[in-house]
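[1] I would like the atomic coordinates for the input below:
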Amino acid sequence: MRNQQPSVAIIIPCFNRWPHVREAIDSVLAQTWQNTHCIIVDDVSTDDSYSRLKENYGSEPKVSVHQLETNRGQSAARNFGVDRSNADYIGFLDSDDLLVETAVASRMRLAVDHPDFEGIIFGDKIDEDSQKSLLPGEKEDSSPLTLSEYIEDMGWLHTNSFIMKRIEFQTLKGFNEKLRKKEDVEFFLRALGKREALYGKGPCCMVRNVDTHRARHDHKRIIQQGERFIDAIQNNPSLTSVLTQDQIKKLVEADTRSVLQSLYRMKQGQRFRSTMREAFTSGKLRLDVRMTKRYLLSFFR
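    So this is what the prediction gives:
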C-alpha cells in the first residue's frame, strides 16, 4: 500500500519573462499540496533569464531549472519538462501567470478519489482582480466535460488549469511542437477524443496581462500557425475519427476566418482573395456579407 501523497510536477516554460517568472515559481512553491515540484524550462531567453533562474533557485530542492539548446517554442519546452520529470501527475503554468495556493490540492483531491482515471482534471481559471471564475458556465464538482462541450465553448479548459497522469500525457505524445498558437486547443481535442475530463471545483489559476506584445496583433504568426492548426486537425486520423463532420468544419472554419482576417489587415489583397477562393471551394468557409464585402474591398487596399 502506498501511503505517500502522489507527486505533482508543474512545468513552466520561460522565454524573456524575468522577473515575472519568479512570481510564477513562487506560486508553485506556495502550494498546500506538499508533494509539488516545479520544473522550469528556459527557451533560450535573451534577457539573461536562465542564469538568473539558476542563481535564485539553483539550491531550492523543489525546483529544477533547464534550458533548451535552441529556441523551439513553448510546446517543446513543456514536453521537455515533462520528459525530465518522474512525477505521478503533471501540470503547467505560463511564466507570467499564477497558481492559487490550493490549485494543486483541489485537483489532486479528485485524482486521489479516482485513482484509475486517466484523463484531464481541471479547475477554475479566475480573474485576478475579482477572483471570480472565468469558466463559461457552472458544473457540479466531479462532473465530466466531454469533447462536444469543449468544442461548443473552448473556455472550459486552459493550459494552467489542468493536471493529468504523466504517463498518460506522454501516451498522447504531449503538445504538438509544430504549433506555437492554439497548441493547447489541439492537445485538448486529442485528449478529450480519448477520455472525458473531470471538473474539480475551486479556483486554480490567474491569467495576467503583463506582456505588451499581444499575440492577436501578430498577424504573420496567426497566418502561419492558423494554417498549421488546420493541417493538424484535418490530418490526424485518430482525431477525425471521433469528430463529426460538423465539428471539423466548425474548427477549420474558425481558423480559416482568423487567417483571412490577418491577411486582410496586412493588406495582402491578392493572397487574401486566393486563400478565400480556395477556402470556399474546398468547403472550409461559408460566405457571408462581411466576407464578401472584404473580398471586394481588397481590390482597393
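
[2] so which elements touch the helix or strand of the chain at the bottom of the mean pLDDT ranking?
    When each helix and strand of the chain is scored by mean pLDDT, DSSP states H and E, helix 219-234 comes last, with a mean of 85. Judged by 3 or more C-beta pairs under 8 Å, 6 or more residues apart in numbering; DSSP states H and E, helix 219-234 is in contact with helix 183-194, helix 237-240, helix 245-265. Heads up, the C-betas are built off the backbone N, CA and C, glycines and all.

[3] the same query, at a cut-off of 7 Å, please.
    helix 245-265 (3 or more C-beta pairs under 7 Å, 6 or more residues apart in numbering; DSSP states H and E).

[4] and for the least confident helix or strand of the chain, what are the contacting residues?
    Under the criterion C-beta atoms under 7 Å, 6 or more residues apart in numbering, residues 176, 178-182, 186, 239, 248, 251-252, 255-256, 258-259, 262-263, 265-266 lie in contact with helix 219-234.

[5] could I have the CA atoms of that helix written out in PDB?
    The C-alpha coordinates for helix 219-234 follow below in PDB (Å, rounded to 0.1, in the frame of the first residue of the first chain):
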ATOM      1  CA  HIS A 219      -0.700  38.700 -38.000                       C
ATOM      2  CA  LYS A 220       2.200  36.800 -39.600                       C
ATOM      3  CA  ARG A 221       2.200  34.300 -36.800                       C
ATOM      4  CA  ILE A 222      -1.600  34.000 -36.900                       C
ATOM      5  CA  ILE A 223      -1.500  33.200 -40.600                       C
ATOM      6  CA  GLN A 224       1.300  30.600 -40.300                       C
ATOM      7  CA  GLN A 225       0.000  28.900 -37.200                       C
ATOM      8  CA  GLY A 226      -3.600  29.000 -38.300                       C
ATOM      9  CA  GLU A 227      -2.700  27.000 -41.400                       C
ATOM     10  CA  ARG A 228      -0.700  24.600 -39.300                       C
ATOM     11  CA  PHE A 229      -3.600  24.200 -36.800                       C
ATOM     12  CA  ILE A 230      -6.000  23.300 -39.700                       C
ATOM     13  CA  ASP A 231      -3.500  20.800 -41.000                       C
ATOM     14  CA  ALA A 232      -3.100  19.200 -37.600                       C
ATOM     15  CA  ILE A 233      -6.800  18.800 -37.300                       C
ATOM     16  CA  GLN A 234      -7.500  17.500 -40.800                       C
END
